[in-house]
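Student: Below: sequence and its predicted model.
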Amino acid sequence: MSVLLEFAMFPTDKTGDSASESVSKIIDMINKSGVTYKLTAMGTIIETETIEEALDIVNRSYKVLEPFSKRVYSTITLDIRKEKSNRLNQKIESIESKIGKVSK
């Protein structure tokens with residue numbers, strides 16, 4: 001099974017225009033977890049084999065922010081597909097191959 005989970009999470013009670021300090025702490029935790037991920041301008045996409053693993057990353061992300069945040073905002077989107085893997089890369093490659101065919 002492949003679980004793609006896209007999420008954004010940041011504290012809303014910190015001053016300033018940027019959430020990068022907080023987000024970098026979450027990305028460091030994800031990187032150390034060994035989970036496949038892709039950082040984007042609007043969030044982070046992870047791929048796991050089970051929904052429990054994916055939701056554990058979300059929970060651990062909250063725990064990174066909890067000690068210094070009174071309020072945390074998050075969005076989560078899931079795409080769960082049985083009998084597939086490596087979709088984080090394959091979905092993009094599939095679209096790019098079709099773009100190449102169209103533009104020729």
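Tutor: Received it, and whenever you're ready, just let me know what you need. Numbering: from 1, shown residues only.

Student: From now on I want contacts and neighbour counts done on CA atoms only, so please keep to that.
Tutor: Fine.

Student: Can you list phi and psi of residue 69 for me?
Tutor: As for residue 69, its main-chain torsions (degrees, to the nearest 10) stand at phi -130, psi 130.

Student: Next, the contact list for the residue nearest to it when sequence neighbours are not counted, please.
Tutor: In this structure, residue 69 finds its nearest non-sequential neighbour in residue 11, 5.8 Å apart by CA to CA, 6 or more residues apart in numbering. Taking CA atoms under 8 Å, 6 or more residues apart in numbering as the contact definition, residue 11 lies against 19, 22, 65, 69, 70, 71, 72, 73.

Student: lowest-pLDDT helix or strand in this protein?
Tutor: Within the chain, no helix or strand scores below helix 87-103, which has a mean of 84 by mean pLDDT, DSSP states H and E.

Student: How about residues contacting that helix?
Tutor: In contact with helix 87-103 (CA under 8 Å, 6+ apart) are residues 2, 4, 37, 45, 46, 47.

Student: Only C-alpha atoms, please: export it in PDB.
Tutor: Coordinates of the C-alpha atoms in helix 87-103 are reproduced here as PDB (Å, rounded to 0.1, in the frame of the first residue of the first chain):
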ATOM      1  CA  ARG A  87       4.000   7.000  -6.000                       C
ATOM      2  CA  LEU A  88       5.700  10.200  -4.800                       C
ATOM      3  CA  ASN A  89       7.900  10.000  -7.800                       C
ATOM      4  CA  GLN A  90       5.800   7.900 -10.200                       C
ATOM      5  CA  LYS A  91       2.900  10.300 -10.300                       C
ATOM      6  CA  ILE A  92       5.100  13.200 -11.400                       C
ATOM      7  CA  GLU A  93       7.000  11.000 -13.900                       C
ATOM      8  CA  SER A  94       3.700   9.900 -15.400                       C
ATOM      9  CA  ILE A  95       2.500  13.400 -16.000                       C
ATOM     10  CA  GLU A  96       5.800  14.600 -17.300                       C
ATOM     11  CA  SER A  97       5.900  11.700 -19.800                       C
ATOM     12  CA  LYS A  98       2.500  12.800 -21.100                       C
ATOM     13  CA  ILE A  99       3.500  16.400 -21.400                       C
ATOM     14  CA  GLY A 100       6.500  15.300 -23.500                       C
ATOM     15  CA  LYS A 101       4.100  13.400 -25.800                       C
ATOM     16  CA  VAL A 102       1.800  16.400 -26.200                       C
ATOM     17  CA  SER A 103       4.500  18.900 -27.000                       C
END
